[in-house]
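Trainee: Any chance you can model this:
(one chain, ligands or ions: 1)
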Amino acid sequence: MCGIVAYVGPKQAYPILINGLKKLEYRGYDSAGIALLNSSLNVYKTKGKVSELENFVKDVDLRGTIGIAHTRWATHGEPNQANAHPHYSQSREIALIHNGIIENYGLLRKELETRGYTFQSTTDTEVLTNLIEDIKNNEHVSLFDAVRIALNQVIGAYAIVVISYDDPDTLIAARKGSPLVIGIGKDDYYVASDATPIIEYTKNVVYLDDEEVALIQRSSDLKIKTIRNQEKTPYVQQLEMNLTALEKGGYEHFMLKEIYEQPFSIKDSMRGRLHTELGTVSLGGIVDFEPKILAASRIIIVACGTSWHAGLVGEYLFEDLARIPVEVEYASEFRYRNPVINESDVVIAISQSGETADTLAAIELAKSKGATILGICNVVGSSIARATHGGSYTHAGPEIGVASTKAFTAQVTLLTLMALRMASLKGTLSRTRYMQILHALELIPEKVAQTLILSKKTVYEVAEKFKDVRNFLYLGRGYNFPVALEGALKLKEISYIHAEGYPAAEMKHGPIALIDEDMPVVFIATNKGTYDKVVSNIQEVKARKGQVIAIVTEGDTIVKGMADYIIEIPETEEMLVPLLATIPLQKLSYHIAVMRGCNVDQPRNLAKSVTVE
Ligand code: F6R
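Mentor: Residues are numbered from 1 along each chain as shown. Sure, this is the predicted structure:
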């Protein structure tokens, strides 16, 4: 939520900042702004997207070699120009950008008002800006110390960058709970919410830790202290990200590119981990924790949104293959419901961004009770990856489209590998069965590529036929139940059509009342597990004149005879079907959203990385 970019060095800051904002726009896009320091400190900001900011500043003097910029996802105050960042302090000598929420801003604002401060916005951020100015002036300290002292008074989450007219060579950056990366160039510094705006300039980066404040000065070494004034040595890491991964590569949207990348991203998730020739699975990041998992009374999976759906597939996998009991929890519920957690529990946190505030809080809670915490994250070096005891990266590559696609299939791939590893350690599968699944998993990338081709024509036809409906129902059973949930989520978030996912058998306990000739019902009706039962559920829908769109195994004849539309996917093992069946559902949502004229990569009200509760 919210994208932050800042620059100090010999180059002109504006082009770096505006390009950086475009790369971070997936984090929030309801308003944008920039502050540049030349002979004065100038803030330009506007409601709307980064392109609107570009338009807004086209006639102003944009010179300056130091600046900060922000693209916002509103938390406090509606998305308008006044609430957009950067925020000036009262004297206009300081400007600040912020990602996060200052929870005690109301109290701080009241105190500042009694000292004569007035506010131009309803944001928590402007309160922090004035608090820093107040401390700087009254305690006669440097800008760095003023930021540090102010942050000791703040409750909540923040990633901030501060710039001051009095200090034209200095940026101050700090974080707690929201990510911030500092890129170290030859003679300059870049700051951003994630590494994507930095990678084209430098691969040397420092990830700030919680409660750290960085003093970033032109022609000086980077200095870091904690907010309690303890010196820290910056730990410089090398970025491994590839620049082309951040481009659309000829596709109309990032989402479409990411859907088509899945044969490769799934392969990358398995690389060096699945050794079919040896009959082994090895996951370096969890190997030390295998005895813990084997001894665990249960695994608790915590996640949100699409990652939670991956977690549900994980539940089926761990229980089915390795006979380990699993509970899958919405991180947002888990953290507040006083859950029973003990030292024998293993918690797996799943997150694409690695920054989701609720998932992070769930991890902290479980950690405080002594549980072992493993992570499945996509973003290397992210907060969740660092907060866990161990875990594995999905290696799906940067996911820019707000709707998660390749991250989901990579998460499911990793969960499959983990469950198989545990199954082999526990001996819960015969060697023959285990090897069959390993071989089938190895073929999945190829089958995803086939699915993309097989489903192309029909998915497009279905999208054209149903693009104007108001409701959709998605039904599946067993491993395909989470697929139904994920299909429905994908559709609603990017096309704004109301969609519900249900276990198919639950239909008759309520949702069946919705079915008439206008209701499209997507069935995931592949040929294993509860296939016969799902066939009966399809008949129940047809009997009420519902329109059936069925995802079936290639060559299916039974469902073909009943459904209005058939989308075929290749044959595979039952537990691997989610990796294939999800693909046409992603494409269906994509085409419907495009046909409805929706902004596929940046759907309304959403942001890629949910760093606030
Ligand atoms: C849906 C989507 C969200 C995320 C959720 C968790 O397409 O992207 O539902 O899955 O916000 O995000 P991460 O995985 O980054 O923790």
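
Trainee: excluding its backbone neighbours, what's nearest the residue of the stretch 501-613 of the chain found nearest the ligand?
Mentor: Of all residues in the stretch 501-613 of the chain, residue 610 sits closest to the ligand, at 4.7 Å by C-beta to the nearest ligand atom. Yep, even glycine has a C-beta here, placed from its N, CA and C like the rest. Leaving aside its chain neighbours, residue 610 sits nearest to residue 356 (5.2 Å; criterion: C-beta to C-beta, 6 or more residues apart in numbering).

Trainee: distance of that neighbour from residue 331?
Mentor: 7 Å (C-beta to C-beta, to the nearest Å).

Trainee: check contacts around the residue nearest to residue 610.
Mentor: By C-beta atoms under 8 Å, 6 or more residues apart in numbering, the residues touching residue 356 are 303-304, 307, 331, 384, 609-611.

Trainee: Helix, strand or coil: sort out residue 361 for me.
Mentor: Under DSSP: H, G, I helix; E, B strand; the rest coil, the three-state class of residue 361 is helix.

Trainee: please renumber so the chain begins at 24
Mentor: Yes, from this point I'll number from 24; that puts the last item at residue 384.

Trainee: from memory it sits against residue 358, does it?
Mentor: Yes. The criterion here is C-beta atoms under 8 Å, and residue 384 meets it with residue 358 at 4.5 Å.

Trainee: Just want to know which of those two has more residues nearby.
Mentor: It is residue 358, of residue 384 and residue 358, that has more neighbours when counted by other C-beta atoms under 10 Å, with 22 against 18.

Trainee: quick revisit: need the contacts of residue 379 in CSV with neighbour count, pLDDT and secondary structure, can you?
Mentor: Listed next are the contacts of residue 379 as CSV, based on neighbours: other C-beta atoms under 10 Å; pLDDT from 0 to 100; DSSP: H, G, I helix; E, B strand; the rest coil:
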residue, neighbour count, pLDDT, secondary structure
326, 29, 98, strand
327, 22, 97, coil
330, 25, 98, helix
354, 27, 97, helix
407, 25, 93, helix
632, 28, 75, coil
633, 20, 79, coil
634, 28, 75, coil
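
Trainee: Any figure for the gap between the closest residue in space to residue 110 that isn't next to it in sequence and residue 107?
Mentor: Excluding its sequence neighbours, the residue lying closest to residue 110 (C-beta to C-beta, 6+ apart) is residue 149, at 4.3 Å. Noted for residue 149: a distance of 11 Å to residue 107, by C-beta to C-beta.

Trainee: ditto for residue 633
Mentor: 20 Å.

Trainee: got the residues of this structure near the ligand?
Mentor: The chain comes close to the ligand at residues 327-330, 374-376, 379, 382, 426-427, 512, 516, 632-633, as judged by C-beta under 6 Å from any ligand atom.

Trainee: Identify the residues contacting residue 146.
Mentor: 99-100, 106, 108, 110, 128.

Trainee: What does the pLDDT read for it?
Mentor: At residue 146, the pLDDT value in this model is 92.

Trainee: just the residues of the chain next to the ligand now: which is nearest the ligand?
Mentor: Closest to the ligand out of the residues of the chain next to the ligand is residue 328 (1.9 Å), distances taken as C-beta to the nearest ligand atom.

Trainee: quick one: pLDDT of the closest residue to residue 261 other than its chain neighbours?
Mentor: Excluding the flanking residues, the one nearest residue 261 by C-beta to C-beta, 6+ apart is residue 226, at 5.3 Å. Turning to residue 226, the model gives it a pLDDT of 94.

Trainee: who does the host helix or strand of residue 124 pair up with?
Mentor: Per DSSP states H and E: residue 124 is located in strand 117-125. When sheet partners are counted by DSSP bridges, strand 117-125 sits next to strand 110-111 (antiparallel), strand 179-187 (antiparallel).

Trainee: which residues are contacting the helix or strand following the longest one?
Mentor: I take that to be strand 179-187. Per DSSP H and E, the first helix or strand lying C-terminal to strand 179-187 is strand 190-199. With C-beta under 8 Å, 6+ apart as the test, strand 190-199 has contacts from 29, 31, 60, 89, 91, 123, 166-167, 170-171, 174, 179-187, 203, 205, 212, 214, 231-242, 250.

Trainee: 7 Å instead, please
Mentor: 29, 31, 60, 89, 166-167, 170, 174, 180-186, 203, 205, 214, 231, 233-241 (C-beta atoms under 7 Å, 6 or more residues apart in numbering).

Trainee: and if you look at stretch 604-618?
Mentor: Contacts for stretch 604-618 (C-beta under 7 Å, 6+ apart): 278-279, 282, 285, 428, 431-432, 471, 474-475, 478, 482-483, 485-487, 489-490, 503, 506, 509-510, 513-514, 517-518, 520, 547, 549, 574, 590, 592, 623.

Trainee: What are the buried residues along it?
Mentor: Of all the residues in stretch 604-618, those buried under the rule 16 or more other C-beta atoms under 10 Å are 604-617.

Trainee: Next: stretch 370-387.
Mentor: 370-386.

Trainee: List buried residues within the contacts of stretch 604-618.
Mentor: By 16+ other C-beta under 10 Å, the contacts of stretch 604-618 give 278-279, 282, 285, 428, 431-432, 471, 474-475, 478, 482, 485-486, 489, 503, 506, 509-510, 513-514, 517-518, 520, 547, 549, 574, 590, 592, 623 as buried.
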